[in-house]
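Trainee: Prediction below, plus the sequence it came from.
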Amino acid sequence: MWRMLTSLSSSLRSVYQGSDIRMRVARFRNWFDRMGQCDADGIDYDYVRTVNEYYDLCSEFMQFGWSESLHFAPLTREESLEESIVRHQRLMIEKLELREGMVVADVGCGVGGPMRRVARESGARVVCINNNVQQLEKAKQRNVETGLDDMAEYINCNFMDMSVIEPNSFDAGYAIESTCYAPDKARAFAEIFRILKPGALLWGQEMCMTERFNPDDRLHRAIKDELMFGIALKEIAGFSEVDRAIEAAGFQIIHAADMDDREGQGIPWYWPMESRSGTLRNALRRTPLGRKALIAGLWLAEMFRFFPKGSVAVVQLMDRTAKAYVAGGKTGIFTPLYCFLARKPS
């Protein structure tokens, strides 16, 4: 654990580069209000900047607390979180029918966790597409460290406009918890449609409000607002909205469903953020008690300059978001596991 904390401290110093983190967190905290004011004044709000600020602040802590694959997965009692994520990624590889010689688009690649699984196990070459420079650089660094850099290419662009990529370039594509950030979902899927070859498959994983969500319920609305605020989402779509956007782009949906299936061996997707599971080290990184302990420890570490000033503010922000995730999951009104497989017609 000490080695992980030392590594985290070093990574934070590298990405924060001496900036005023407290001020940046304070600015992020009022992004929701600023967006509303811009809408009222008829001004185009810079939402892309907000999403980038969110990941610039939180990405290193996300990797520390979760894994290098910054996404959720269906969980079972027999597996650790990490094992469930691997199984979920292998399902995606199987559904996309990935194999050696294919070129695959990773739309919103994060720090490249899924990409490394795809390259290592399928032999396909992956093009990492990301609007966030910090994450893209981290993905390349990890690929070099794991000997997979020759299996990847990197494109820094917004998936709302991938005009730097030629049409019909990819044999397959996937977008894991990335298109939920699209301010215009149909346009985002249309861009992905354009860069895929005819007949290519697309796997997607969306954060969605479920059919249980009632917009007239004050508690439901409050939880949704907390989720939007904490994850930097301009809106959270429902299942049918996602389906319509996929089909409007021209895709044929083969299968789409919420994979948060808790029957049999399944457990709730939010379980790692609520209850201790697995090792004590994982509990200290993910559970409410563990997050409190981390905040207390970071407060002391900041005093002695072992961690950058403002680190506590970032973890407090993420703790608030974790509570919103759990509230959304417990009420059944939110899921990060709406997964779909679609095809670009031949």
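Mentor: Looks like it arrived, so ask away. Quantities reported herein were computed from a predicted structural model and do not represent experimental measurements.

Trainee: hey, let's count contacts and neighbours off CA atoms from now on
Mentor: Will do.

Trainee: CA atoms of the top helix by length along the chain as CSV?
Mentor: Among the elements of type helix in the chain, defined by DSSP state H, the one spanning the most residues is helix 311-331. What follows is helix 311-331 as a C-alpha-only set of coordinates in CSV (Å, rounded to 0.1, in the frame of the first residue of the first chain):
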residue,chain,number,x,y,z
SER,A,311,-5.4,16.5,-3.1
VAL,A,312,-7.9,16.2,-0.2
ALA,A,313,-10.3,18.5,-2.1
VAL,A,314,-10.2,16.2,-5.1
VAL,A,315,-10.9,13.0,-3.0
GLN,A,316,-13.7,14.8,-1.3
LEU,A,317,-15.2,15.6,-4.6
MET,A,318,-14.9,12.0,-5.7
ASP,A,319,-16.3,10.7,-2.4
ARG,A,320,-19.4,12.8,-3.1
THR,A,321,-19.7,11.3,-6.5
ALA,A,322,-19.3,7.7,-5.2
LYS,A,323,-22.2,8.4,-2.8
ALA,A,324,-24.3,9.6,-5.8
TYR,A,325,-23.4,6.4,-7.7
VAL,A,326,-24.5,4.2,-4.7
ALA,A,327,-27.8,6.2,-4.3
GLY,A,328,-28.5,5.9,-8.1
GLY,A,329,-27.8,2.1,-7.9
LYS,A,330,-29.8,1.5,-4.7
THR,A,331,-32.9,3.2,-6.0
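
Trainee: helix or strand right after it?
Mentor: Note on helix 311-331: by DSSP states H and E, the next helix or strand toward the C-terminus is strand 334-343.

Trainee: Each with direction, which strands does that next one pair with?
Mentor: According to DSSP bridges, strand 334-343 forms sheet pairs with strand 196-209 (antiparallel), strand 252-258 (antiparallel).

Trainee: Please tell me how far that strand is from the chain's geometric centre.
Mentor: Going by Cα atoms, centre = their mean, to the nearest Å, the spacing between the C-alpha centre of strand 334-343 and its chain's C-alpha centre is 13 Å.

Trainee: Can you check what angle separates that strand from helix 311-331?
Mentor: Counting by axes from the mean of the first three to the mean of the last three Cα atoms, to 10 degrees, strand 334-343 lies at 80 degrees to helix 311-331.

Trainee: any idea of the mean pLDDT in strand 334-343?
Mentor: Per-residue pLDDT over strand 334-343 has a mean of 98.

Trainee: so where do the strands sit in the stretch 51-200 of the chain?
Mentor: When assigned using DSSP state E, counting those that start in this stretch, the strands of the stretch 51-200 of the chain occupy the ranges 75-76, 103-107, 125-130, 152-156, 170-176, 196-209.
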